[in-house]
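Q: structure for the following, please:
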Amino acid sequence: MVPDDAVPLTSFNTSCTSSSGDEEGFDRRGSVEDGDFSATESTMDDVLRDYSPFSFYQKRLTFVCALAVLVLAPHAAILVFIGDEPDWSCEEQKSAKSLGNLSVATLPAAMSAVSAGTGHVSECQLYHSGKCTPLYSHPGAKASIEFGWICDHATDGKYAQSFYFIGMLVGSFLSGWISDKHGRRTAILLSYGWCTLSSLWTGLSSSAWSFVASRCATGMGTMVFIVVGFVLVGESVAPSYRGFATTLQALSFGLGFACLAPLAYFTRHSWRLLLAVLTGSEVFFGVLLWLWVTESPFWLLTNERQYDLEVLISRWAKASSRHVRDGFLRSLSRSKDKKLVATEESLSSPSQAESTSLLPFLSSGLRRFSLSLLFTWFSICLVYYGLGLNMNGIGADKYSSFFTVSIVEIPALLLLIVVLKYVGRKKTIIMSLILTGACCGLATLVAYFSTPSGDDTSGHAPSAGKTALLVLVMSGKFVGSAFFSVLYTYTPEIMPTPIRTSGLGMCTVVSRFGAIVSPFIIAWGTSSPALPYAIFTVLCILSCIGTFWWPETQNRDLPETLQDLRVRISGR
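A: Numbers count the residues shown, from 1 in each chain. Down below sits the predicted model:
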């Protein structure tokens, strides 16, 4: 029950609110007279700003979602450690006597010239001839060992990674529908439970097809959780805390990547143990999500769940030592009704009838900007995952190399908070693309000139080249991770209100295609180590050219209509 002496949630003076949404610019004048709910009209941001900006419950929600993301993040790159080609040799070659007994006449003529060698190529020839039994130091260490991903099938692990990204693509489509129809909390719990079951399925897989299908299912659930979690956290805190809360989710994803390396190292003798640790962690955080995650107040208001909304806000306000009355919903409902009337009137016009679809976003006057934005999302996602997944052969130890490349995201995201405040969105995006492209371009040269000559096509560079390549990849990932986060800030700020959510979803879907393609690009690097970095460089250059026509969004009002967006793009 709400206390009788509660302060009515209508004591807002929104005209005194600063344009940036900071709470310092808000004038709290106390409560209005009892029952005088017609004096003011409030928005949900006003409610959060004045009565529960960042209470204990909101902090708990933010941090538990961030920790859940930390546990799910390793799935995006787990195949770097359990799906790569293992070290192996022919069992017959372990014995000189057995090797001497191998009859060259029993091998095809094309292989007789290399049958006496001890190199990797010779072993693959013997393996395909049926004269070689692969011998592994730790048979259960990798999934690639159990599924025979060696020699001609060595790149199957990279292709299996694409199915994880295909699952993320499907999740991008489902996230909006599930969360809008059934609520943010329901989508969060369902997707996390789905991820836990899929992780268990992966650890119990006994065939390659079962393994690949489970990775696809995990990717689908992970993407739904990340997208809906980002929205839920953003809708549950006041505007001045929104940047911190959403950036924390990105920080957790980077920390999850970094934690994968030591976790994979300590479980390096059993890939199923690695999956068991991840699954157990997901069960633990799944219970915390069930207990601590609350529904979005915006969703409750939109779906007219007045009682649940009042209970939620009253609870948060009490944690902030503030109280509200039951009647505060009248001002919110009135504001909502006026917006609905205005929307219906605008949609009654034939020229605006399509404004709630994505088709006008690709119409004349917006097409160049729209295609440039979509291409940039595709490019940065491909480059981001490409740099993260292409670790084999860069460092002397892939565990330390992967950890180093992953941990650079953390200071990058912390620095991003300051850069966005003083530099702006557009300039930050342009600088990020230039720096990322420069790092990839230099990496192309290093990989090309340090590749061993001759028949060695393993793609492993000499030690000096490895060091230089590792530094360049780290630098590129440092800038690329920050750029990826900027897009999640810029895109909702540039999208007009009718298509803001669906527009961001469309960009996310396009970016998933980049993630799906990235393992194939990395696979090409097996025969030409410089090729992936060259492709990354070209994508950064092309994306950078397109961003010069983008409008700035810092400290500007959100566009309400497509016409507002056209005016902003044209610079009028």
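Q: which residues sit in contact with V293?
A: When contacts are counted by CB atoms under 8 Å, 6 or more residues apart in numbering, V293 touches L61, V64, C65, R185, I188, L189, L232. Placement of C-beta: from N, CA and C, glycine included.
Q: so where does the residue lying closest to the third one once chain neighbours are set aside fall, helix or strand?
A: Across the structure, with CB to CB, 6 or more residues apart in numbering as the measure, the residue nearest C65 apart from its sequence neighbours is G229 (4.7 Å). Here G229, judged by DSSP states H and E, is contained in helix 208-235.
Q: and the residue nearest to Y241 when sequence neighbours are not counted, how many residues sit next to it?
A: Of all residues not flanking Y241 in the chain, F54 sits nearest, at 4.5 Å (CB to CB, 6+ apart). Applying other CB atoms under 10 Å, we find 21 residues neighbouring F54.
Q: coming back round to it: for the residue nearest to C65, give its distance to F244.
A: 15 Å (CB to CB, to the nearest Å).
Q: what's the mean pLDDT across stretch 421-431?
A: In this model, stretch 421-431 carries a mean pLDDT of 84.
Q: what sits up against that stretch?
A: 376, 416, 419-420, 482-483, 486-487, 489-490, 493, 544, 547-548, 550-554.
Q: counting neighbours, which of the contacts of V293 comes out on top?
A: Neighbour max across those (other CB under 10 Å) = C65, 29 neighbours.
Q: check which helices and strands whichever strand or helix holds that one sits against.
A: Per DSSP H and E: C65 is located in helix 56-72. Contact analysis of helix 56-72 by 3 or more CB pairs under 8 Å, 6 or more residues apart in numbering; DSSP states H and E lists helix 184-204, helix 208-235, helix 239-266, helix 271-292, helix 306-319 as its packing neighbours.
Q: which one of those helices is the most hemmed in?
A: The highest average neighbour count among those, using mean count of other CB atoms under 10 Å, belongs to helix 208-235 at a mean of 23.
Q: out of the helices and strands packed on helix 56-72, the one nearest S518 is which?
A: helix 208-235 (13.1 Å; CB to CB).
Q: so for the closest one, mean pLDDT?
A: Helix 208-235 comes out at a mean pLDDT of 88.
Q: residue numbering should commence at 13 henceforth.
A: Sounds good: first residue 13 from here, last item helix 220-247.
Q: buried residues in the biggest helix by length in the chain?
A: For the chain, the helix with the greatest residue count under DSSP state H is helix 475-506. By neighbour count on 16 or more other CB atoms under 10 Å, the buried set for helix 475-506 is 477-478, 480-506.
Q: and the angle from the helix or strand that that helix is followed by to helix 475-506?
A: Tracing the chain C-terminally past helix 475-506 and defining elements by DSSP H and E, one meets helix 512-536 next. On the basis of axes from the mean of the first three to the mean of the last three CA atoms, to 10 degrees, helix 512-536 is oriented at 160 degrees to helix 475-506.
Q: from L244, how far off is S203?
A: Taking CB to CB, one finds S203 at 11 Å from L244.
Q: using CSV, write down the CA coordinates of stretch 272-288.
A: Written as CSV, here are the backbone C-alpha positions of stretch 272-288 (Å, rounded to 0.1, in the frame of the first residue of the first chain):
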residue,chain,number,x,y,z
LEU,A,272,37.4,-16.4,-21.6
ALA,A,273,41.1,-16.6,-22.1
PRO,A,274,42.1,-17.6,-18.5
LEU,A,275,39.0,-19.8,-18.2
ALA,A,276,39.9,-21.6,-21.5
TYR,A,277,43.5,-22.0,-20.2
PHE,A,278,42.5,-23.7,-16.9
THR,A,279,40.1,-26.0,-18.7
ARG,A,280,42.4,-26.6,-21.7
HIS,A,281,42.4,-30.4,-21.3
SER,A,282,38.6,-30.7,-21.5
TRP,A,283,36.4,-28.5,-23.7
ARG,A,284,33.3,-30.1,-22.0
LEU,A,285,34.5,-28.8,-18.6
LEU,A,286,34.7,-25.3,-20.1
LEU,A,287,31.1,-25.6,-21.2
ALA,A,288,30.1,-27.0,-17.8
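Q: that stretch - what's its average pLDDT?
A: 90.
Q: what does stretch 528-537 give?
A: Here the average pLDDT along stretch 528-537 is 81.
Q: check which residues of that stretch are buried.
A: By 16+ other CB under 10 Å, the buried positions in stretch 528-537 come out as I528, V529, S530, P531, I533, I534, A535, G537.
Q: and those as a markdown table, adding distance to W311?
A: Compiled in a markdown table, the buried residues of stretch 528-537 are given as follows (distance: CB to CB, whole Å):
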| residue | distance to W311 |
| --- | --- |
| I528 | 30 |
| V529 | 34 |
| S530 | 34 |
| P531 | 36 |
| I533 | 39 |
| I534 | 39 |
| A535 | 42 |
| G537 | 44 |
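Q: which one of the residues you listed is nearest M56?
A: Distances from M56 to the buried residues of stretch 528-537, taken by CB to CB, are shortest for I528, at 36.7 Å.
Q: reformat the helices and strands packed on helix 68-84 as JSON lines; add distance to L551.
A: Conversion of these to JSON lines gives the following (distance: least, CB to CB, whole Å):
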{"stretch": "helix 196-216", "distance to L551": "30"}
{"stretch": "helix 220-247", "distance to L551": "22"}
{"stretch": "helix 251-278", "distance to L551": "21"}
{"stretch": "helix 283-304", "distance to L551": "31"}
{"stretch": "helix 318-331", "distance to L551": "44"}
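Q: out of the ones you listed, flag the one nearest L91.
A: L91 sits nearest to helix 220-247 of all the helices and strands packed on helix 68-84, at 7.6 Å, using CB to CB.
Q: need the CA coordinates for the helix holding C77. CSV is fine.
A: Listed next in CSV are the C-alpha coordinates belonging to helix 68-84 (Å, rounded to 0.1, in the frame of the first residue of the first chain):
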residue,chain,number,x,y,z
PHE,A,68,19.0,0.6,-5.0
TYR,A,69,16.6,-1.5,-7.0
GLN,A,70,17.6,0.2,-10.3
LYS,A,71,21.3,-0.3,-9.5
ARG,A,72,20.7,-3.9,-8.7
LEU,A,73,18.9,-4.4,-12.0
THR,A,74,21.7,-2.7,-13.9
PHE,A,75,24.5,-4.7,-12.3
VAL,A,76,22.8,-8.1,-12.5
CYS,A,77,22.1,-7.6,-16.2
ALA,A,78,25.7,-6.6,-16.7
LEU,A,79,26.9,-9.7,-14.9
ALA,A,80,24.6,-11.9,-17.0
VAL,A,81,26.1,-10.3,-20.1
LEU,A,82,29.6,-11.1,-18.8
VAL,A,83,28.7,-14.8,-18.6
LEU,A,84,27.1,-14.9,-22.1
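Q: helices or strands next to whichever helix or strand comes after it in the packing?
A: Counting by DSSP H and E, the next helix or strand C-terminal to helix 68-84 is helix 91-94. Helix 91-94 sits against helix 155-158, helix 168-194, helix 251-278, helix 283-304, helix 410-419, with contacts defined as 3+ CB pairs under 8 Å, 6+ apart.
Q: buried sites along the second one?
A: Buried positions in helix 168-194, judged by neighbour count with 16+ other CB under 10 Å: 168-188, 190-192.
Q: quick check: mean pLDDT of it?
A: Here the average pLDDT along helix 168-194 is 80.
Q: relative to helix 220-247, how tilted is that helix?
A: Using the same axes, to 10 degrees: helix 168-194 against helix 220-247 is 40 degrees.
Q: list the helices and strands helix 168-194 packs on?
A: helix 91-94, helix 155-158, helix 196-216, helix 220-247, helix 379-401, helix 512-536.
Q: for the second one, list the C-alpha coordinates in PDB.
A: Yep, that's helix 155-158 we're talking about. Taking C-alpha atoms only, helix 155-158 is exported to PDB below (Å, rounded to 0.1, in the frame of the first residue of the first chain):
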ATOM      1  CA  ALA A 155      35.800 -30.200 -29.900                       C
ATOM      2  CA  SER A 156      37.800 -30.100 -33.200                       C
ATOM      3  CA  ILE A 157      39.500 -33.300 -32.100                       C
ATOM      4  CA  GLU A 158      36.300 -35.200 -31.500                       C
END
